[in-house]
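*Asks:* attaching a predicted model along with its sequence, questions to come.
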Amino acid sequence: MRDFLQSMDDTLPGRFEITKEGIVHDMTAGIGPHELTTLRLRKRLEKVMPDELVAHTGAPEVELEGEGIMRRPDVMVIAWADMDVPGSFDPRTLIAAIEVVSHSNPDNDWVGKMRDYPLIGIPTYAVFDPRTGTGAVLTDIHATPDGPRYATRKDFVYGEDVTIGEWTISTDGLPRYATPDSPES
């Protein structure tokens with residue numbers, strides 16, 4: 001699958017990821033609230049984290065070849081030193097992965113990544129959902145009959161402070177997606 005994705009690079013629009021279930025193709029480009037949320041989260045985290053860490057929002061992906069999973073979190077909390085590698089990042093070097101739920105494919109973040117991230121060893125997974133103004137931080141990977149899963153889930157509502165790893169940030173002012181009956185739509 002990885003070879004196929006590399007051959008499709010720059011020929012098809014959107015973003016591809018390899019999951020435990022197959023290939024996910026997100027054809028939509030990020031929309032305003034998604035990109036603004038990602039930017040605000042990155043900046044808020046970097047204000048409270050030590051200088052040797054970064055809240056990275058770009059390429060490359062994280063990949064655990066043995067599991068056949070290649071993902072690109074919206075924000076990756078990682079040490080600068082762990083970024084100096086050829087190819088994809090080792091997901092086990094991430095401190096946290098943060099996702100802003102896609103308007104067009106929310107199951108990718110709430111189901112697929114909730115399954116894949118503990119499987120590839122990402123210790124903290126934070127989900128921000130602009131559709132509902134809510135989210136969750138998942139931690140404490142443990143073994144289950146269906147594979148590794150997060151044991152602890154802390155839900156939050158936009159406006160509350162949220163702790164990701166060792167750092168607490170505000171969720172005040174995070175944008176929401178417009179709904180069909182809202183004045184913004």
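*Replies:* Okay, I see it.

*Asks:* and the longest helix that the chain contains, what's buried?
*Replies:* The helix that spans the most residues within the chain, counting by DSSP state H, is helix 32-48. Buried residues in helix 32-48, counting neighbours by 16 or more other CB atoms under 10 Å, are found at P33, H34, L36, T37, T38, R40, L41, R42, R44, L45, E46. Where C-beta positions appear, they are placed from N, C-alpha and C, glycine not excepted.

*Asks:* just stretch 71-86 next, same as before
*Replies:* For stretch 71-86, a neighbour-count test (16+ other CB under 10 Å) marks R71, R72, P73, D74, V75, M76, V77, I78, D82 as buried.

*Asks:* wait, what's in contact with T134?
*Replies:* D155, F156, V157, Y158 (CB atoms under 8 Å, 6 or more residues apart in numbering).

*Asks:* now list the buried members of these.
*Replies:* Buried by 16+ other CB under 10 Å: F156, Y158, out of the contacts of T134.

*Asks:* so which of the contacts of T134 sit within strands?
*Replies:* D155, F156, V157 (DSSP state E).

*Asks:* any idea how far W110 is from the residue lying closest to the last one once chain neighbours are set aside?
*Replies:* So the one you mean is V157. Nearest residue to V157 in three dimensions, chain neighbours excluded: T134, at 5.4 Å (CB to CB, 6 or more residues apart in numbering). According to CB to CB, to the nearest Å, T134 stands 11 Å off from W110.
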